[in-house]
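>>> A structural model of the following input is requested.
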Amino acid sequence: MRMLSFFILVAALVPSAQAASLGQSFQSIRKVVTTPSGKPFQTKAAQNRDALVALLRDNDPSVRIAALKALKTYVSQTTRTRDAVLSVYQRDNDKAVRMQAAKTLVFVSGYNRVEDALLKTARFDADPQLQAISIKALYAQAARSSRTRDRIRDIARSAGNPTIKAAAIWALFSTSADSRTRDFLMDVVLRSSNETLRVEALKSLYLGMGHSRIRDRVMQIARDTNESAAVRKPAILLLSNAITSRTRDTLQRLARYETDAVLRAAAIQAMDPANDSIKAYFHLVRRTETGGIIDPLDAE
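Here you go, the predicted model:
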């Protein structure tokens, strides 16, 4: 249709003889991009995409979930595909299917309709699990948009359910290089009485470890024997992303003298910052050996 509209526009701007010639050229192109029956030609990838979209209407929820997982490759390619996944997310009667749809929408969370739908569910849905996965699905958009970061921080502050708070803190991991985000996360670490939230806030500070004030606070927590082991472990592992003479000395001392075996192991692990398990622990986006992307939301 776009090609036909383009031809009509050009034909109106050139002499009739040239327009006729253009018409012949257009028909030649049309033969290439259509099948003998006159239907638009589709690549194998497009055929796969359309087949997967059709499976979103299957009666079996497990089939719909499998189709949604496969559509991660295609969801950003066409508006029709994006809208089909969004419709499943908003309307499917199976919670597991909707949760998988939220994970697939990560790849198109920059579109206003998608972001608004995720935020609406995060704020108002009656199911905490669906709320949590919807917030987490905004992590990529949060890295791009200060407005999205503000909205996620607002949820983290105002949510009464600790599960929702933890999910919002999780979603901020991609933005902790931002000063307002890292200050908010550190405030949770220092002031919250909820150990789970403190641990989650520390895990989301990985990308903020380049800031000296954050680095010093984390190092203090890592060395504090009065602090719980559950909170000290992520602090120790965070030092893997802040290798200075002081952090290196801290890790070496912990590896040698720490009495808790789990924390000693964490210190040794942090001395190898290239360790892929550290990136997984801090739910960072990773690449496979073949260049594929490992989405941290897959593990949620």
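>>> Residue 136 and residue 292: what is the separation?
20 Å (CB to CB, to the nearest Å). (Glycine included, C-beta is placed from N, CA and C.)
>>> Could you give the number of residues near the nearest residue to residue 80 once chain neighbours are set aside?
Once flanking residues are discounted, residue 80 sits nearest to residue 53: 7.2 Å by CB to CB, 6 or more residues apart in numbering. The number of residues packed near residue 53 is 20, by other CB atoms under 10 Å.
>>> give me the low-pLDDT residue ranges for the protein?
Along the chain, the model assigns pLDDT under 70 to residues 1-42.
>>> Please enumerate the strands of it.
Counting by DSSP state E, the chain has strands at residues 286-287, 293-294.
>>> Partner strands of the first one and their direction?
Going back to what we said before, that points to strand 286-287. Strand 286-287 pairs in its sheet with strand 293-294 (antiparallel), by DSSP bridges.
>>> what separates the strand it pairs with from the chain centre, distance-wise?
10 Å (CA atoms, centre = their mean, to the nearest Å).
>>> Can you list the neighbours in contact with that strand?
Defining contact as CB atoms under 8 Å, 6 or more residues apart in numbering, one finds that strand 293-294 is touched by 285, 286, 287, 288.
>>> From residue 274, how far off is the third one?
Residue 287 sits at a distance of 13 Å from residue 274 (criterion: CB to CB).
>>> So those two - more neighbours on which side?
In this view residue 287 and residue 274 are compared by other CB under 10 Å, and residue 287 has more residues nearby, 11 against 7.
>>> And for the closest residue to the more buried one other than its chain neighbours, the neighbour number?
Once flanking residues are discounted, residue 287 sits nearest to residue 293: 6.1 Å by CB to CB, 6+ apart. Using other CB under 10 Å, residue 293 is surrounded by 11 other residues.
>>> just the one 5 residues further on next, same as before
The number of residues packed near residue 298 is 11, by other CB under 10 Å.
>>> quick one on the thing from earlier: please verify my assumption that the residue nearest to residue 80 contacts residue 84.
Yes: between residue 53 and residue 84 there is a contact under CB atoms under 8 Å: 4.8 Å.
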